[in-house]
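*Asks:* Need the 3D shape of this:
(2 chains)
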There are 2 protein chains.
Amino acid sequence: MSGRASYADWIAVDWGTSNLRVWAMTGRGEVRDQRMSDQGMSKLSQAEFEPVLLNLIEPWLGTAPTPVVCCGMVGSRQGWREAPYAAVPTAPLGGAQDVPCSDGRIKVSLLPGLKQQNAPDVMRGEETQIAGFLATHPKFDGVLCLPGTHTKWVHISAGEVVSFQTLMTGELFDLLGRQSVLRHSVDTEDWDKAAFSEAVSDTLSRPEALAARLFQIRARDLLEGTHAGIARARLSGFLLGVELAATKPYWLGQNIALVGATALTALYASALSVQGLVAQVEDGDTMTLKGLTAAYTELYG
Amino acid sequence: MSGRASYADWIAVDWGTSNLRVWAMTGRGEVRDQRMSDQGMSKLSQAEFEPVLLNLIEPWLGTAPTPVVCCGMVGSRQGWREAPYAAVPTAPLGGAQDVPCSDGRIKVSLLPGLKQQNAPDVMRGEETQIAGFLATHPKFDGVLCLPGTHTKWVHISAGEVVSFQTLMTGELFDLLGRQSVLRHSVDTEDWDKAAFSEAVSDTLSRPEALAARLFQIRARDLLEGTHAGIARARLSGFLLGVELAATKPYWLGQNIALVGATALTALYASALSVQGLVAQVEDGDTMTLKGLTAAYTELYG
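*Replies:* You can find the predicted model right below:
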C-alpha cells in the first residue's frame, strides 16, 4: 500500500538573513504554491531551522521523502549547516550539502556560495540567481550585475563565474540616508532624475570627490534649501558613480545584464545609461527560482 | 554701595550639539574654574538655554553683568538664537549676536559660524578654533585641518579663511565600524600601523577602489580570519586615503597644521606622514579657549 502522495514534487527554498520563502514545485519547474515568513537565518539557532521549515511546508508533504533545495545564508557558518564556498572559477552551482533531518518526510540540500581568494570576496545566494540566468541565457558571455545591499559584479564566460566583486553601495546609501547628518536633507521618496545623472557623472569621472560631495549635500540644503528629492538623488548618484568607477574594468566594452528587484535594476540601468550603456534586465526572484530548479534537476534529474 | 564682585571677569562657553563646557576667565585670559554638562544644543528647547547656562555658572556671577561669550551649535537655527553665518573670505570671528536674557547678571554673545557659497559648505565652532590658532600663530599662511566627525580643511591667508571643505570621514568610520556588516570584523581597540599606512596609500592613489575595498575587509576576514586590529586600521586607512585624495589641492605644497583632540590629530599626522608630510599640531580645546578669548578681547577689550 503506497503512502499519501506529496502535493509538491520538490520544494524550493530561498532562506536569507532576514526572510524565508518556500515554493511547492512540480518536476517540470512549475510553481504550485508559495509561502513566506520573516524567520530569516539571523533570528534562528541551529536547532530551530528544521521546525521553522516544517511549519511552513507541512501541508505540501506526503509520506515519501520530498526533496528540499535551499539557497542563501541558511548555508553559512551561522546557518543550519555550513555548505562550504566553492572557489572561482567555477560553474555557479557547486556540490550541494545534505542536512540530516529528524523528520523523514524531507530530504534537504543546501547550495554552497562562491569564494574568490584574490581579491578576497564571497557571495551566498547570488550564485543561484546566476545559475538561473545562465539556465535562461546559456550562451551569455559578459558581466552580470546583481544590485542589492551588497551589489555583486560578476564576470561570466563559458558558463562559469570567472571573477566577481562586491560593493557595499546599498548599505552605504541606507546608513548615510537614515543615520548620518544627511538624513535631515534626504527624507523623502521623491527623486530628481537629472540630479541623479549629474551626480553619477561627477563621481564616475572624479571618484575622490565623493568624500567632499557628501557633506555638500547637507551644506547646500542649509544654505539654499535643496528639495529633498534632489538631495536624495544626488546621494544615490554620487555613491553609484564611485561604484561605476570602481567596476569599470568589469563593464567597459562588455555585455551587461542586471538581475534583481525592479526598482534597483531600474536605478542601475539609469546609471549605466548615463554612460550610454544598455543592459538587459531579469527579475531577481524569477532567476532565484530558475536557479533552484537547475540545482534540483542536477541533483535529482 | 557697589554690588558683590563677580568671580569671573568673563565666561567662555563652548556649547556644541552634545555637550556644554564653561570656563570662568580673568580679563587676561587665564582660567579660574571650569565646568561641563551633557546639556548639548540638541537636547534643549529655546527657552531652556538660559536656565541651563545659569545653573552651571551661577556661582561665578556677581551683581554687575558678566560678559558670556559662546561658540558652537548654540548659535545655529535650532539653537538659542541664530547667529547668521559670515561668508568667506573673512577673518574667522565675524559679528557676534547678542542674546536678550531675563537675568540681568549675564550679557550673552553668540559667535557666528562661516559659510561658503561655492562649493557649498558651512562650519560652526571650528571658526573659533581657527581664531585661536591665528591668535597663537598670527603669521600662519597655509592649511589648517581640524579632524572630527566632520573634518574641516581650511585655507588660511593673511589672517583670513579663504576657503574650506568638510569631509564626513569620521561619521563614515563610525557608521561603517559600528552598524554595517563590517562591524563583525573591526570590533576592537587594537590598531595595526602598517595596515593603516598601506590602506592610506592604496586609496589615495586609487580613490575609486574604496567602493570595493570596504567589503573586502569583511571577505578577507571570512576567508582568512583577519586580526580585528588590522581590519580596523584598514577601514580607517581606506577612508582617510580618499579624504587625502579629495583634499590634495588643499595640502599639496602647503604648510599644514592640525588642530583637534590628541588621538585624532595623531591619526591624521600619521596619514600625512605616509606622504612624507609633517604637520604642526595644536590641541583643539586649547585653541577653542584662545579663540573665545580673542573674541572677548574684540568685543570688550
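
*Asks:* Count the neighbours of A:R81 for me.
*Replies:* For A:R81, the tally of surrounding residues (other Cβ atoms under 10 Å in any protein chain shown) stands at 16. Just so you know, the C-beta spots here come from the backbone N, C-alpha and C atoms, and that holds for glycine as well.

*Asks:* ok, the residue nearest to it when sequence neighbours are not counted to A:L110 distance?
*Replies:* Using Cβ to Cβ, 6 or more residues apart in numbering or on different chains and skipping residues adjacent in sequence, the residue nearest A:R81 is A:V99, 5.0 Å away. Per Cβ to Cβ, to the nearest Å, A:V99 is found 6 Å from A:L110.

*Asks:* Counting neighbours, go ahead and name the busier of these two.
*Replies:* Set A:V99 next to A:L110 and count neighbours by other Cβ under 10 Å: A:L110 wins out with 24 against 21.

*Asks:* Look at that one and report its pLDDT.
*Replies:* At A:L110 the predicted local confidence, pLDDT, stands at 98.

*Asks:* Would you enumerate the residues in contact with it?
*Replies:* A:70-71, A:74-75, A:79-81, A:83, A:96-99 (Cβ atoms under 8 Å, 6 or more residues apart in numbering or on different chains).

*Asks:* Now do the helices in the stretch 151-300 of chain A.
*Replies:* Applying DSSP state H, counting those that start in this stretch to the stretch 151-300 of chain A gives helices spanning A:169-179, A:193-205, A:210-224, A:228-246, A:248-251, A:262-274, A:284-300.

*Asks:* give me phi/psi at the residue nearest the centre of chain A?
*Replies:* What sits nearest the mean C-alpha location of chain A, by Cα atoms, centre = their mean, is A:E126, with 4.8 Å. Backbone torsions for A:E126, taken as degrees, to the nearest 10, come to phi -60, psi -30.

*Asks:* Just list the residues touching the closest residue to A:A246 other than its chain neighbours, thanks.
*Replies:* Leaving aside its chain neighbours, A:A246 sits nearest to B:A211 (3.9 Å; criterion: Cβ to Cβ, 6+ apart). Contact analysis of B:A211 by Cβ under 8 Å, 6+ apart lists A:167-169, A:207, A:242-243, A:245-247.

*Asks:* so how far is A:Y296 from the residue nearest to A:R81?
*Replies:* 15 Å.

*Asks:* what residues are shared contacts of A:V99 and A:L110?
*Replies:* Joint contacts of A:V99 and A:L110 (Cβ under 8 Å, 6+ apart) are A:80-81.

*Asks:* still on that earlier bit, may I see the contacts of B:A211 organised as CSV, with neighbour count added?
*Replies:* Formatted as CSV, these follow (neighbours: other Cβ atoms under 10 Å in any protein chain shown):
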residue, neighbour count
A:L167, 27
A:M168, 27
A:T169, 24
A:P207, 27
A:V242, 31
A:E243, 29
A:A245, 22
A:A246, 23
A:T247, 19
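
*Asks:* just for chain A, where's the confidence low?
*Replies:* Across chain A, the ranges flagged by pLDDT under 70 are A:1-3.

*Asks:* got the domain boundaries for it?
*Replies:* A:10-124, A:166-283 (automatic domain parsing).

*Asks:* Centre of the chain to the last one, how far?
*Replies:* Read it as domain A:166-283. Centroid separation for domain A:166-283 versus its chain: 18 Å, with Cα atoms, centre = their mean, to the nearest Å.

*Asks:* Spell out which parts of the stretch 51-200 of chain A neighbour chain B.
*Replies:* Counting by Cβ under 8 Å from any Cβ of the partner chain, the stretch 51-200 of chain A comes close to chain B at A:115-117, A:119-122, A:150, A:165-169, A:171-172, A:175-176, A:179-181.

*Asks:* Could you pick out the buried ones from those residues?
*Replies:* Buried members of those, scored by 16 or more other Cβ atoms under 10 Å in any protein chain shown, are A:115-116, A:119-122, A:150, A:165-169, A:171-172, A:175-176, A:180-181.

*Asks:* Check the gap between A:G170 and chain B for me.
*Replies:* Using Cβ to the nearest Cβ, to the nearest Å, we find A:G170 at a distance of 11 Å from chain B.

*Asks:* residues touching that residue, list them.
*Replies:* Here A:G170 is in contact with A:147-151, A:264 (Cβ under 8 Å, 6+ apart).

*Asks:* One more pass at 7 Å, please.
*Replies:* With contact taken as Cβ atoms under 7 Å, 6 or more residues apart in numbering or on different chains, A:G170 is in contact with A:148-151.

*Asks:* nearest residue to A:G284 other than its sequence neighbours?
*Replies:* With Cβ to Cβ, 6+ apart, the residue lying closest to A:G284 is A:G260, at 4.3 Å.
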